[in-house]
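Colleague: Okay, sequence plus prediction incoming.
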Amino acid sequence: MSVPIRRLDSADPDFSRQLQILAAYAPAQDEEVEATVSRIISNVRKQGDKALLEYTKQFDLLAASSLADLEVSGAELREALASLSKQEADALGIAAGRIRTFHEKQLAASWEYMEPDGTKLGQRVTPIDRVGLYVPGGKAAYPSSVLMNAIPAKVAGVKQLVMVSPTPNGERNPMVLAAAALSGVDRVICIGGAQAVAALAF
């Protein structure tokens, strides 16, 4: 069922009231969401993979006996990249190259100097060892999210990049997986939602 698009004209005398109605939200809904997310985070913190597997079954309708069952192998990532049409592969490759070039120019360097009294001063720039990356999945699958987050991390020197992305009903998006392969993502796990973010944190 399609929803008709509402058009507001700022010249209308009733514009401010109409805009307020359109932009209004129910705080109660926010509180309910916050309570649900807090409960999910708490369960993942206490129960680990057990909670992750239960939430993946509940929200993504994807049953797995272990977290390893939800991990995408390096071979699968490379296969996804190889499966793309030339047009898709070229588009991803060009975007990846431009993103890499831009962020290489942003790299900050370490430096130091010695003052006459022997005091050593400077700045040391070191990459984070491990980084977690959340990529939307399902209908809202954006390979650009992978490229624009994974490539800067790799350019900065991050040693391990773990990506989580939901795959409702087990449907994996080949463009997202291909972007992960192209970006040098080290691990991809098919989990999503607040539970995935909690897993990355804990």
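Modeller: Happy to help now that I have it.

Colleague: which residues does the spatially most central residue of the chain bridge with?
Modeller: A centroid search over the chain (C-alpha atoms, centre = their mean) returns Y134, at 2.3 Å, as the residue closest to the centre. Residues in a beta bridge with Y134, per DSSP bridges, are V164.

Colleague: Report the mean per-residue pLDDT for stretch 175-187.
Modeller: The predicted model assigns stretch 175-187 a mean pLDDT of 96.

Colleague: ok, now stretch 46-66?
Modeller: On average, stretch 46-66 scores 94.

Colleague: now that stretch, how far from the chain's geometric center?
Modeller: 19 Å (C-alpha atoms, centre = their mean, to the nearest Å).

Colleague: Begin at 32 from now on, thanks
Modeller: Understood, numbering begins at 32; the last thing we discussed is stretch 77-97.

Colleague: got the buried residues for it?
Modeller: By neighbour count with 16 or more other C-beta atoms under 10 Å, stretch 77-97 contains the buried residues A82, L83, L84, Y86, T87, F90, D91, L93, A95. Where you see a C-beta, it was placed from the backbone N, CA and C, and this is true even at glycine.

Colleague: Quick check: of those residues, which lies closest to W142?
Modeller: L83 (42.8 Å; C-beta to C-beta).

Colleague: Next, the contact list for the closest one, please.
Modeller: Shown in contact with L83 (C-beta atoms under 8 Å, 6 or more residues apart in numbering): V75, L98, I222, Q226, A227, A230.
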